[in-house]
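**Q** how does the following fold in three dimensions:
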Amino acid sequence: MLQFTKELLKNQKDEITSFHIYKAIATKQKDPANAKLLSEIAADEKGHYALLKRHTKTEVRPSWIKIIWYLIIAKILGITFSLKLLEKGEETATKSYNALIAQFPELKKALEDEEKHEQELLGLINEERLNYMGSIVLGLNDALVELTGALAGYTFAIQNSRIIALIGLITGISASFSMAASEFLSKKQEKEDNAFKSSVYTGIAYIITVFLLILPYLLLPNHFLNLGLSVLMAITIILAFNYYISVAKDLPFKKRFLEMAGISLGVTAISFGIGWVVKTFLGLEI
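**A** Prediction:
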């Protein structure tokens, strides 16, 4: 019975913590429908807490560290990502409830609510950054493929970190404007009202990626080390971005990550080879 009590108290703490997270995020919503749904889910979580409390006879305090953490994630990465991540964490609670239902049948309602929350959240929020995710992917992917390849070629052909950084920066910024303009014209051709915003998201994603890839060349003198760090940065960006998408939009992570990383690294290897050919056979040096 002691083991059951421990499990009940753990779930009770999770429920009151989730209540505070949903309630806090609900108060920040401008969309009344989203605010209403989040408030209803918060009320359900508090009801689950009260149900568990009847069995434990104990008042449990929420995890304020977890609450603050999820609110920070919601602020930086968006509420969709934050809540989907929270729901993934509640999969453990679902398994725990399944184990407890035999002993406490009334917990079945709480389990059904948890499953309902997950389904409701799939179509919960109309978040701007997710609506423009296609444009962000375009800018991010093009910058990763084009600039990692260009940096690899420049590294072998030029072998001067400062010059490589300068050329890479000029190339990257010019390409970001070109890509943003292409996205604008493409959306205009399709008669979409959000053509300008789409182009802005594409350009911003491109410029941020350019800066992160070039950063090692601005800080360190060893050009081959800088290329390695730039490739590592590219892989990290691809990893982080695909994890974000996999959580926020319920898409497969591994396949998308391997595909994007494979393309970027493949182009880098080819460009490095081109740089070697230029330097060796044409005898060009800077």
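**Q** quick one, phi/psi of residue 249?
**A** Per-residue torsions, residue 249: phi -120, psi 10 (degrees, to the nearest 10).
**Q** go on, residue 57?
**A** Per degrees, to the nearest 10, the backbone of residue 57 is at phi 60, psi 30.
**Q** number of residues surrounding it?
**A** Residues within reach of residue 57, counting by other Cβ atoms under 10 Å, total 7. To be clear about C-beta, it is placed using only N, CA and C from the backbone, and glycine gets the same treatment.
**Q** ok, it to residue 11 distance?
**A** Applying Cβ to Cβ, to the nearest Å, one obtains 15 Å for the distance of residue 57 from residue 11.
**Q** quick one: stretch 23-33 to chain centroid distance?
**A** The offset between the C-alpha centroid of stretch 23-33 and the centroid of the whole chain comes to 21 Å, using Cα atoms, centre = their mean, to the nearest Å.
**Q** measure it end to end?
**A** This stretch, stretch 23-33, spans 14 Å end to end (Cα to Cα, to the nearest Å).
**Q** residues of it that come out buried?
**A** With burial defined by 16 or more other Cβ atoms under 10 Å, the residues of stretch 23-33 counted as buried are 23-26, 29.
**Q** same deal with stretch 61-78?
**A** 62-63, 66-67, 70-71, 73-74, 78.
**Q** redo those as TSV? Include pLDDT, distance to residue 33 and secondary structure.
**A** Written out in TSV, the entries for the buried residues of stretch 61-78 read as follows (pLDDT from 0 to 100; distance: Cβ to Cβ, whole Å; DSSP: H, G, I helix; E, B strand; the rest coil):
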residue	pLDDT	distance to residue 33	secondary structure
62	91	26	coil
63	91	29	coil
66	92	26	helix
67	93	24	helix
70	92	21	helix
71	92	21	helix
73	89	22	helix
74	86	18	helix
78	82	17	coil
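**Q** quick one: which two of those residues are the most distant?
**A** 62 and 78 (22.7 Å; Cβ to Cβ).
**Q** just give me the residue closest to the centre of this structure.
**A** To find the centre residue of the chain, average its C-alpha atoms and take the closest one (Cα atoms, centre = their mean): that gives residue 244, at 2.1 Å.
**Q** from the buried residues of stretch 23-33, pick the one nearest residue 143.
**A** For residue 143, the nearest member of those is residue 25. The distance, counting by Cβ to Cβ, is 31.8 Å.
**Q** got the contact list for that closest one?
**A** If a contact means Cβ atoms under 8 Å, 6 or more residues apart in numbering, then residue 25 has 38, 70-71, 74, 79, 82-83 as its contacts.
**Q** other SSEs contacting whichever helix or strand residue 176 is part of?
**A** Under the criterion DSSP states H and E, the helix or strand holding residue 176 is helix 161-189. If you count contacts as 3 or more Cβ pairs under 8 Å, 6 or more residues apart in numbering; DSSP states H and E, helix 161-189 packs onto helix 133-158, helix 195-219, helix 223-248.
**Q** redo the buried residues of stretch 61-78 as JSON lines? Include distance to residue 211.
**A** Shown next, in JSON lines, are the buried residues of stretch 61-78 (distance: Cβ to Cβ, whole Å):
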{"residue": "62", "distance to residue 211": "39"}
{"residue": "63", "distance to residue 211": "36"}
{"residue": "66", "distance to residue 211": "33"}
{"residue": "67", "distance to residue 211": "33"}
{"residue": "70", "distance to residue 211": "29"}
{"residue": "71", "distance to residue 211": "28"}
{"residue": "73", "distance to residue 211": "23"}
{"residue": "74", "distance to residue 211": "25"}
{"residue": "78", "distance to residue 211": "22"}
